[in-house]
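K.L.:
give me coordinates for this.
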Amino acid sequence: MEKFQKIELSFLVLILAFIVFLFLYSTGITGFSVSNDNQNAPYDFLSNDNIMVFNNSLTINLSNYTLVRFEGTGSMLPVLSESSTGVGIIPGSAKDVHVGDIINFESDKGIIVHRVIEIGDDELGTYFVTKGDNNNVGDGKVRFFQIRSVLVAVIY
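P.N.:
A predicted model of the protein is given here:
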């Protein structure tokens, strides 16, 4: 009977340790959690009607598109690297840009490719706050006129 109680106690300790780990994981204390501030997925701009697959080729029907190269610091790794090529669409209005989208925009530091983490309005109109997935801080306010394209596909 004593052996059974030791096994039961060990099992309870294991369950308690697991519950504590889950709590710490969810709060980020363990260092294993993923930050939730950039977990929004990009908007789905392409429907199945835009993509045609043939025996030897793939065709994506887009209008108003541009090819995007990623040069820089690696702030969007592992999603984007300098050897990737992106396909972006040129948005017609601020309503074409969504939280989670990866945008290519002009800044005083040059062209930047980062994810939209917030959209808001102030006295100057709509703004977008962006951040590289590997960066700890956002880039500040980006205005619609600065946005060159919204990424819709990546070719690795």
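K.L.:
in stretch 86-106, what counts as buried?
P.N.:
86-89, 91, 94, 97-99, 101-105 (16 or more other C-beta atoms under 10 Å). To be clear about C-beta, it is placed using only N, CA and C from the backbone, and glycine gets the same treatment.
K.L.:
okay if I get these as CSV plus secondary structure?
P.N.:
As requested, the buried residues of stretch 86-106 are exported to CSV (DSSP: H, G, I helix; E, B strand; the rest coil):
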residue, secondary structure
Gly86, strand
Val87, strand
Gly88, strand
Ile89, strand
Pro91, coil
Ala94, helix
Val97, coil
His98, coil
Val99, coil
Asp101, coil
Ile102, strand
Ile103, strand
Asn104, strand
Phe105, strand
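K.L.:
now tabulate those in CSV and tack on pLDDT and distance to Thr66.
P.N.:
Output for these, formatted as CSV (pLDDT from 0 to 100; distance: C-beta to C-beta, whole Å):
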residue, pLDDT, distance to Thr66
Gly86, 92, 9
Val87, 94, 8
Gly88, 95, 5
Ile89, 96, 8
Pro91, 97, 11
Ala94, 97, 18
Val97, 97, 15
His98, 97, 18
Val99, 96, 22
Asp101, 97, 15
Ile102, 96, 13
Ile103, 97, 12
Asn104, 94, 8
Phe105, 96, 13
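K.L.:
residue contacts, Val99?
P.N.:
Asn40, Val116, Ile117, Glu118, Ile119 (C-beta atoms under 8 Å, 6 or more residues apart in numbering).
K.L.:
any idea which helix or strand carries the last one?
P.N.:
Element membership for Ile119 (DSSP states H and E) is strand 110-122.
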